[in-house]
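Visitor: this is a predicted model, with the sequence first.
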Amino acid sequence: MTKTPWRPVATAYRRALVSQANPKMLLLTVIPFVLSVVLWAALLAFGFQPLLDYVQGLFQSNDWFKTSSGMLGSFGMGTLKTMIVPLIAMLLLLPLMILTAIVFMGVAAMPPITRHVAARHFSTLEQKHGGSFMAGIAINVGSAVLFLAVWILTLPLYVFPPLAVLVQVVLWGWLTARVLVYDALEDYASADEMKELRRRHRPQLALIGVVSGFIGALPGIVWIGGALMSVLLFPFLAAISIWLYVLIFVFTALWFQYYCMQALADLRAAQEPPAADAAAPAVAPAGAPGAPPPA
């Protein structure tokens, strides 16, 4: 039976779910979560109120309260006008929180994830080290800068929440696919194999990114909910959001890792000469000594 091009996506998803429940994978969320919480506790303690004051000043000096009230009123959300300043502040902080979780996960979790997946299913796969640490840093930093720039430019879309959530899904999916595909293959694939796998599997990798982006948008809803519910609850909701980001990032990394490693194994298997052809004896030309007589 012919294997459909989408079945490996489902297979990698199933394997990622099973591995996510592994105690070792759950422990991987502890260090990034603690580091992120400590960092963000300090940032929010000393920087959140100055950020609120800065946004408040911008709105007052530019008469943005009137503009924002009119826009929110046109969408039937006039009751949110009193929460517009903390909401904008949290929308500015949200991408930084996402990137913080990704940085800590990349440093603390990606190497163990790669070893875990390789040991369970790809122990015979040769490591060709087509990537490098510096190239990985360049991809991560460049992707983060572009992510932040597009996020800030699309903030006005939050006056229409469904469109804003869609943008967040696409951005998260693009960021995770760009960063995690490289991280998944840098130790095992050659540079040429990386390019070929990206070319051949672009639709499947995009699908994994979009689905992961949808899942990754959920903690953002909890984060923004802190502004709409209570300032007192905000620190706890922020901690919950950070843990969800870390947990989702581990699952997403596992999903990409399983898919990319299987795609690499299939690519190499397809490039190997068939064993039957290699073992077949050579046929002597007609008329040569030992050749069978002509019919």
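Guide: That came through, no problem.
Visitor: so which elements touch the longest helix along the chain?
Guide: Among all segments of the chain classified by DSSP state H, the helix with the greatest residue count is helix 234-271. If contacts are counted by 3 or more C-beta pairs under 8 Å, 6 or more residues apart in numbering; DSSP states H and E, helix 234-271 sits against helix 7-20, helix 30-61, helix 84-108, helix 110-121, helix 161-185, helix 191-200, helix 202-216, helix 218-229. (C-beta placed from N, C-alpha, C; glycine too.)
Visitor: in the first one, what's buried?
Guide: Okay, so that is helix 7-20. Pro8, Val9, Ala12, Tyr13, Arg15, Ala16, Ser19, Gln20 (16 or more other C-beta atoms under 10 Å).
Visitor: between helix 202-216 and the longest helix of the chain, find me the angle.
Guide: 160 degrees (axes from the mean of the first three to the mean of the last three C-alpha atoms, to 10 degrees).
Visitor: mind checking how far helix 234-271 is from the chain centre?
Guide: Centre-to-centre, helix 234-271 and its host chain are 7 Å apart (C-alpha atoms, centre = their mean, to the nearest Å).
Visitor: average pLDDT across that helix?
Guide: Averaging the model's pLDDT scores along helix 234-271 yields 87.
Visitor: and the gap between the residue sitting nearest the centre point of the chain and Val170?
Guide: The residue lying closest to the centre of the chain (C-alpha atoms, centre = their mean) is Thr176, at 2.1 Å. Distance, Thr176 to Val170, using C-beta to C-beta, to the nearest Å: 11 Å.
Visitor: shared neighbours of those two, anything?
Guide: Counting by C-beta atoms under 8 Å, 6 or more residues apart in numbering, the common neighbours of Thr176 and Val170 are Gly213.
Visitor: okay, the buried residues of helix 7-20 in CSV with pLDDT and distance to Leu99 next?
Guide: Formatted as CSV, the entries for these read as follows, by pLDDT from 0 to 100; distance: C-beta to C-beta, whole Å:
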residue, pLDDT, distance to Leu99
Pro8, 93, 29
Val9, 95, 26
Ala12, 95, 25
Tyr13, 95, 25
Arg15, 95, 27
Ala16, 94, 22
Ser19, 92, 24
Gln20, 90, 22
